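**Q** I would like to see how this sequence folds:
(4 chains)
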Amino acid sequence: MTSDHVPKFKIDIRKENFDINLEMKYLTDVNLKVGAVVSFVGKVRDLSKNSKLKFMEIEHYPEMSEKVLRDLCKKATLRWELQGISLIHRIGKLYPGENIVLLVIASVHREEAFDASLFLMDFLKSEAPFWKKETTITGSIWVEENQVDKQKLLRWQ
Amino acid sequence: MTSDHVPKFKIDIRKENFDINLEMKYLTDVNLKVGAVVSFVGKVRDLSKNSKLKFMEIEHYPEMSEKVLRDLCKKATLRWELQGISLIHRIGKLYPGENIVLLVIASVHREEAFDASLFLMDFLKSEAPFWKKETTITGSIWVEENQVDKQKLLRWQ
Amino acid sequence: MNLLYFASLRECIGVSSENYITDQKTISGLIDELVKREPRYEKAFKNLPMIKVAIDHELIADLETSIVGVSEIAFFPPMTGG
Amino acid sequence: MNLLYFASLRECIGVSSENYITDQKTISGLIDELVKREPRYEKAFKNLPMIKVAIDHELIADLETSIVGVSEIAFFPPMTGG
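**A** Coordinates of the predicted model:
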């Protein structure tokens, strides 16, 4: 703890599920400056009436996805004073109710962690090379770009 | 799951620590509509150079604090479409690095959960009858009202 | 009625609650009466704009609020939870 | 250079990557050439404004960006992660 400005970093793209407690421990252990930890978990949801979604497959561009996530996290640490970020994105076959993504951000005050979490999720959705394909009882279809998500980037200009 | 509008609720004021995994499980089990879970953990921090903070004591007004938290959660569910809220506030003696408060909000889309989390933490800080007293190596002092926190309420008008 | 004091007010007044009978009709009348009672009350209510009041577990903003028939009045400094 | 295709583009073209030699100097020239190659490319690049391009792992916005000397070009639909 020689400086406020050496935030901890962890980026992981993997098939396995995550444990939010582990990531929080990683970010807060030893660092008594952390007063706020905001986490976001994105899950496979099924909004259809009769559980039509069978599973989801997530594909990514390995040589690029980790780099993009790392760059986004760096941007966040330049914009806000953060104590640490842990970001895990799962790939492969995931079933309804399963976790897709975990973002944990630690900071001194809550405002920075909330803002940085929103910022990272907005850009992750629109700039990180991951693609979702949903398989329902009637077939498979690639998830389409969410226009609302795209417009959310404007608030960070 | 007969309706979108029966959010799960849990309010707990207690001495014991919490397990974020348990609260997430409570909010997301069975409910496949949940696509986003935002959590906030507030911790006892020590920003002094030489670890001057020995411990913190949190006092509350039992007959009122649970009611205020419940009313705030209700307001949040009227303002945003949420799938559930779990809110745990610890009381008693807490040491640097220990958890103070946990808020977990589940929703279909991430925006609602983020906004409702910010809203609830803003109002909890200014309207829920809890008080913190810090004991450092030089004595004990009641934590003073944070003017910045007070002004944050204006954004929800 | 029951008067409750929390945090720094409780420490200043020296008790966390007390039964109290008054003819006062409003919070401000009650506070004036308490302040004249003993120096510890005068000290506790010195910075009046900072003091929060709850009547029967409901925060009130106006010191002219009636206290007729209420059963519990709590006085405390600004909240600092979370 | 190495051409990479992801998600719906990969399925449409039928391969995830291929080595490709071209005299084209820009992304738009390369796409024109691919489209003329076979119907599966034509189909893949049909909705051109929706297609994202990364050169050597860097997203590019301008289809007139030079591809001279680059080693990897990836084509894919809008991202839907998170």
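
**Q** Look up phi and psi at residue C:63.
**A** Taking degrees, to the nearest 10, you get phi -70, psi -10 for the backbone angles of residue C:63.

**Q** so residue A:86 bridges to which residues?
**A** Following DSSP bridges, residue A:86 is listed with bridge partners residue A:10, residue A:104.

**Q** Correction: the previous question concerned residue A:141.
**A** Under the criterion used (DSSP bridges), residue A:141 bridges to residue A:134.

**Q** okay, now it: neighbour count?
**A** Neighbours of residue A:141 under the rule other CB atoms under 10 Å in any protein chain shown: 12. All C-beta spots, glycine's among them, are computed from the backbone N, C-alpha and C.

**Q** Check which helix or strand residue C:53 maps to.
**A** Per DSSP states H and E: residue C:53 is located in strand C:52-55.

**Q** And that strand, what does it pack against?
**A** Judged by 3 or more CB pairs under 8 Å, 6 or more residues apart in numbering or on different chains; DSSP states H and E, the packing partners of strand C:52-55 are strand C:58-60, strand C:72-76.

**Q** Around chain D, pick out the residues from chain A.
**A** Contact residues, chain A versus chain D (CB under 8 Å from any CB of the partner chain): A:42, A:58-61, A:63-65, A:67-68, A:89, A:100-101, A:121, A:124-133, A:142-146, A:150.

**Q** And for chain A, the residue most distant from the center?
**A** residue A:138 (29.4 Å; CA atoms, centre = their mean).

**Q** give the contact list for the closest residue to residue A:95 other than its chain neighbours.
**A** Among residues not flanking residue A:95 along the chain, residue A:55 sits closest, at 5.1 Å (CB to CB, 6 or more residues apart in numbering or on different chains). Taking CB atoms under 8 Å, 6 or more residues apart in numbering or on different chains, we find residue A:55 in contact with A:44, A:93-96, A:134-135.

**Q** same check, this time on residue A:85
**A** A:7-10, A:27, A:73, A:76-77, A:103-106, A:116, A:120.

**Q** picking that back up, quick check on the residues of chain A next to chain D: which are buried?
**A** With burial judged by 16 or more other CB atoms under 10 Å in any protein chain shown, the buried subset of those is A:42, A:58-61, A:64-65, A:67-68, A:89, A:100-101, A:121, A:124-133, A:142-143, A:145.

**Q** before we move on, the earlier item: dump the helices and strands packed on strand C:52-55 into CSV; add mean pLDDT, distance to residue D:67 and mean neighbour count as well.
**A** Shown next, in CSV, are the helices and strands packed on strand C:52-55 (pLDDT from 0 to 100; distance: least, CB to CB, whole Å; neighbours: other CB atoms under 10 Å in any protein chain shown):
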stretch, mean pLDDT, distance to residue D:67, mean neighbour count
strand C:58-60, 96, 66, 15
strand C:72-76, 98, 69, 21
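
**Q** For the ones you listed, give me JSON lines that also has distance to chain D.
**A** Shown next, in JSON lines, are the helices and strands packed on strand C:52-55 (distance: least, CB to the nearest CB, whole Å):
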{"stretch": "strand C:58-60", "distance to chain D": "40"}
{"stretch": "strand C:72-76", "distance to chain D": "43"}
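
**Q** Quick one, which of the ones you listed gets closest to residue D:5.
**A** Between residue D:5 and the helices and strands packed on strand C:52-55, the tightest spacing by CB to CB is seen for strand C:58-60, at 61.1 Å.

**Q** mind listing what the closest one pairs with, with the direction of each?
**A** strand C:52-55 (antiparallel).

**Q** distance between the strand it pairs with and the chain's centre?
**A** Distance of strand C:52-55 from the chain centroid (CA atoms, centre = their mean, to the nearest Å) equals 7 Å.

**Q** wait, doesn't the residue farthest from the centre of chain A sit right on residue A:52?
**A** Yes. Counting by CB atoms under 8 Å, residue A:138 does reach residue A:52; the two are 7.3 Å apart.

**Q** residue ranges with poor pLDDT in chain A?
**A** For chain A, the stretches flagged by pLDDT under 70 are A:1-5, A:51.

**Q** The closest residue to chain D within it: what's its closest spatial neighbour, skipping adjacent residues?
**A** Nearest residue of chain A to chain D (CB to the nearest CB) works out as residue A:130 at 2.6 Å. The spatial neighbour of residue A:130 that comes closest, neighbours along the chain excluded (CB to CB, 6+ apart), is residue D:81 at 2.6 Å.

**Q** How about the contacts made by that neighbour?
**A** With CB under 8 Å, 6+ apart, residue D:81 has these contacts: A:58, A:60, A:65, A:89, A:101, A:124-125, A:128-132.

**Q** how about it, phi and psi?
**A** Dihedral angles of residue D:81 (phi, psi; degrees, to the nearest 10) stand at phi -80, psi -170.

**Q** Okay, it and chain B: tell me how far apart.
**A** Between residue D:81 and chain B the computed distance is 13 Å (CB to the nearest CB, to the nearest Å).

**Q** How about residue C:70?
**A** From residue C:70 to chain B the distance is 13 Å (CB to the nearest CB).

**Q** Only alpha carbons, please: show the helix or strand harbouring the residue nearest to residue A:95 as PDB.
**A** Element membership of residue A:55, judged by DSSP H and E, is strand A:53-60. What follows is strand A:53-60, C-alpha atoms only, in PDB (Å, rounded to 0.1, in the frame of the first residue of the first chain):
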ATOM      1  CA  LEU A  53     -34.600 -21.400 -24.200                       C
ATOM      2  CA  LYS A  54     -32.600 -24.600 -24.000                       C
ATOM      3  CA  PHE A  55     -29.100 -23.200 -23.800                       C
ATOM      4  CA  MET A  56     -26.800 -20.400 -24.900                       C
ATOM      5  CA  GLU A  57     -23.400 -20.700 -26.500                       C
ATOM      6  CA  ILE A  58     -20.800 -17.900 -26.200                       C
ATOM      7  CA  GLU A  59     -18.100 -17.600 -28.700                       C
ATOM      8  CA  HIS A  60     -15.200 -15.100 -28.500                       C
END
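
**Q** Can you give the strand pairings for it, parallel or anti for each?
**A** Checking strand A:53-60 against DSSP bridges gives partners strand A:92-94 (antiparallel), strand A:130-136 (antiparallel).

**Q** Residue A:81 and residue A:103: what is the separation?
**A** To residue A:103, residue A:81 is 17 Å away according to CB to CB, to the nearest Å.

**Q** neighbour-wise, which of the two wins?
**A** Just comparing residue A:81 and residue A:103: by other CB under 10 Å the higher neighbour count belongs to residue A:103, 26 against 15.

**Q** Brilliant, that's me finished.
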